[in-house]
Every structure is written in structure tokens, then in C-alpha cells.
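# The following comprises the amino acid sequence and a computationally predicted model.
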Amino acid sequence: MRIATWNVNSVTARLPRLVEWLGRAGPDVVCLQETKVGAGEFPAGAVAPLGYAVAEHGEGRWNGVAVLSRVGLADVSRGMPGEPGFPDARTVEARTLAVTCGPVRVRCVYVPNGRSPGDPHYQYKLRWLAALADAVAAEAAASLPFAVMGDFNVAPADADVWDPAAFEGATHVTPAERAALRRLQKAGLRDLVPRIAKGPRPFTYWDYRAGAFHKGMGMRIDLVLANAALAAAVTDAFVDREARKGTAPSDHAPVVVDLALPS
DNA sequence: ATGCCTTTCCCAGAAAGA
């Protein structure tokens, strides 16, 4: 079976590209981030003809996550235990949901951006990642194949950005963010690094401006973190760069993982 | 890249993204 994650930067704006990509790539399970539609507003009717059921967690203008599956949807869990909000606990955002799809369980995540290391949003990001580590510990230890996948807004290593010098003083590369990511992985989750397609690293995000995509100025911030049962079944992992080309693309490309599991 | 694009709110420009 084939699973994937893609930050679409508005499912409304990206719907033609999403439908085209579903038809071309044929994933069985897709985690989407930044859907930017409210609860119940996901265009499920546009993906139903392709065989996909939708579990969505949305709030409106910002954020929003969804899981599309054509191999079943069960045990939908929106949000996570102990999830912090921004600016405070009264305003928890739509950033994660977990779903069981046939033989696998996936947790779709859209980690807070952090804005800048001195910003309250950065502390929120670290708190959110800490809560995520606690929330997935039990699922990661299970015998059921499980993955936390989505837009982590953290580049795991310096090699995961096009120019480390350009990120001095910026978020996504700080030691605290990377430590939070490592703590999450300590639950037994392995970073399924996609194979190289072009350039030195399998980047997943490129800024819209200044031709960043064509200049190779990217980052690897969209990750699939898999438990042992899922990692053992991986036959391929790659970035679908075609989805970043052409008319009106998202600024992220999908990460696709193939598994030797019955779908 | 100190947001040079894009999307949302909704019709003007601010907020947010990474």
C-alpha cells in the first residue's frame, strides 16, 4: 500500500492539483496539512469519486488537517491529549488528528511555525512538540504499523536546508527544535528519509519567491516518522517533485512511502 | 528572505507562512 503526506496550502486553492495528484499517484492514505477550511467544509465530494473517505479537523482561515483514505477510516481522534493552544490553552488550533486506515494507523500533524526564536509562538511550538511526544508514545510502541507524518516545521539536520548560513537566527534549525524532534523519535519512531531525486537532499519545501524551487533552495521539513512495524514494511520513499511544478502549486511537495502491506 | 509570493479574510491591506 501507498501512504503520503502533503501540505497543500489551502485545499480550496489546491483542489484541482489535489484531484489530479490523487489520480496520478494513487495513494491509499494521504495526510493533508494547511487545509484552511472549517470543520465540515472539506470538499469531500471532489475526492469521493476517486474512492476516498475523509476525516477532517478544521477551524477556518488558518491551519486545518485531514486524512484521505480509500482503505477504510476508523477510530478518528481529533487533536491530542495535553495539546497546548495559542496564545493560551483556551484557543487550541486544528493541527493534528489520528486515524486507522486498514492495516496502519497514522497521526497527521501540522506543527506550529514558531515565527522567530524570540516570539511566544516559538515557545508554543516547543510545547506542542513535547505534547506530541507524550501523545504518540503508546501508539509508537504498539505492534500495529504506525506513523506520525506531516509538516514538522523543523529541519532535522543542517544538511536538510539549502544553506545553513541563511538560517542563522531563524526557526526550523535551532538546537531546541531539533532536540524536541529527537525526543519524539525516542519513542521508537524512525525518520523515513526519502531517496534523492535531484540535488543533494530530498527537500520537501521551497519558497514561492525568487525561483527557489528551480534554484534548489529548499528544506526538508515534511517528515514521516515510523514505528518499527511500519518501518520494516517500507519498500520505497520519495518526494513527488512533479506536484511542486506547473500552475498554482503548493509550496510543499508530497512525501510518498510505499509499504509491503496488504491494502 | 529583514517574506522578493501566496492565501485568507473580503474588496484593502493586514496577517501568516518558513
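That came through, no problem. Numbering: from 1, shown residues only, chains lettered A, B, ... in the order given.

# drop to CA atoms for contacts and neighbour counts, all remaining ones
Noted.

# so for the helix or strand residue A:132 falls within, what's the average pLDDT?
With the criterion set as DSSP states H and E, the secondary-structure element containing residue A:132 is helix A:120-141. For helix A:120-141, the per-residue pLDDT values average out at 96.

# What is the distance between it and the centre of its chain?
Once both centres are worked out by Cα atoms, centre = their mean, to the nearest Å, helix A:120-141 turns out to sit 14 Å from its chain's centre.

# Who are the packing partners of the helix or strand that comes right after it?
The element immediately downstream of helix A:120-141 (helix or strand, assigned by DSSP H and E) is strand A:146-151. If contacts are counted by 3 or more Cα pairs under 8 Å, 6 or more residues apart in numbering; DSSP states H and E, strand A:146-151 sits against strand A:2-7, strand A:29-33, strand A:104-110, helix A:120-141, strand A:222-226, helix A:228-231.

# Walk me through which strands strand A:146-151 pairs with, and which way each runs.
strand A:104-110 (parallel), strand A:222-226 (antiparallel) (DSSP bridges).

# closest to DNA strand B out of those strands?
Judged by Cα to the nearest atom of the strand, the one of the strands paired with strand A:146-151 that comes nearest to DNA strand B is strand A:104-110, at 7.7 Å.

# relative orientation of the closest one and strand A:29-33 in degrees?
Between strand A:104-110 and strand A:29-33, the angle comes out at 10 degrees (axes from the mean of the first three to the mean of the last three Cα atoms, to 10 degrees).

# for strand A:104-110, the distance to its chain's centre please.
The answer for strand A:104-110 is 8 Å, by Cα atoms, centre = their mean.

# and the angle from it to strand A:2-7?
Here strand A:104-110 points in a direction 10 degrees away from that of strand A:2-7 (the same axes, to 10 degrees).

# pLDDT on strand A:104-110, on average?
This predicted structure assigns strand A:104-110 an average pLDDT of 98.

# orientation of that strand relative to helix A:120-141 in degrees?
Inter-element angle recorded for strand A:104-110 and helix A:120-141: 180 degrees (by the same axes, to 10 degrees).

# For the stretch 151-263 of chain A, what lies in contact range of DNA strand B?
Within reach of DNA strand B by Cα under 7 Å from any atom of the strand, the stretch 151-263 of chain A has these residues: A:153, A:166-167, A:170, A:172, A:205, A:207-212, A:217, A:219, A:248-250.

# on that earlier part again, looking at the helices and strands packed on strand A:146-151, which is nearest to residue A:75?
When the helices and strands packed on strand A:146-151 are compared for distance to residue A:75 using Cα to Cα, the nearest one is strand A:104-110, at 9.2 Å.

# who's in contact with the closest one?
By Cα atoms under 8 Å, 6 or more residues apart in numbering, the surrounding residues in contact with strand A:104-110 are A:5, A:31-34, A:63, A:65-67, A:95-100, A:144-153, A:230.

# And stretch A:132-142, by the same measure?
Contacts to stretch A:132-142, defined as Cα under 8 Å, 6+ apart, come from residues A:80-83, A:146-148, A:183-185, A:187-189, A:226-227.

# What residues of that stretch count as buried?
A:132, A:133, A:134, A:135, A:136, A:137, A:139, A:140, A:141 (16 or more other Cα atoms under 10 Å).

# Burial check on residue A:86, number of neighbours?
15 (other Cα atoms under 10 Å).

# List the contacts of it.
Per Cα under 8 Å, 6+ apart, neighbours of residue A:86: A:92, A:93, A:121, A:124.

# for the third one, what are its contacts?
Translated: residue A:121. A:86, A:87, A:112, A:113, A:114, A:115.

# The same query, at a cut-off of 6 Å, please.
Applying Cα atoms under 6 Å, 6 or more residues apart in numbering, we find residue A:121 in contact with residue A:114.

# and what of residue A:30?
If a contact means Cα under 6 Å, 6+ apart, then residue A:30 has A:3, A:4, A:5, A:67, A:68 as its contacts.

# Same list as before, the buried residues of stretch A:132-142 that is, but in JSON lines and with distance to residue A:40 included.
Formatted as JSON lines, the entries for the buried residues of stretch A:132-142 read as follows, by distance: Cα to Cα, whole Å:
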{"residue": "A:132", "distance to residue A:40": "24"}
{"residue": "A:133", "distance to residue A:40": "28"}
{"residue": "A:134", "distance to residue A:40": "28"}
{"residue": "A:135", "distance to residue A:40": "25"}
{"residue": "A:136", "distance to residue A:40": "26"}
{"residue": "A:137", "distance to residue A:40": "29"}
{"residue": "A:139", "distance to residue A:40": "27"}
{"residue": "A:140", "distance to residue A:40": "29"}
{"residue": "A:141", "distance to residue A:40": "32"}
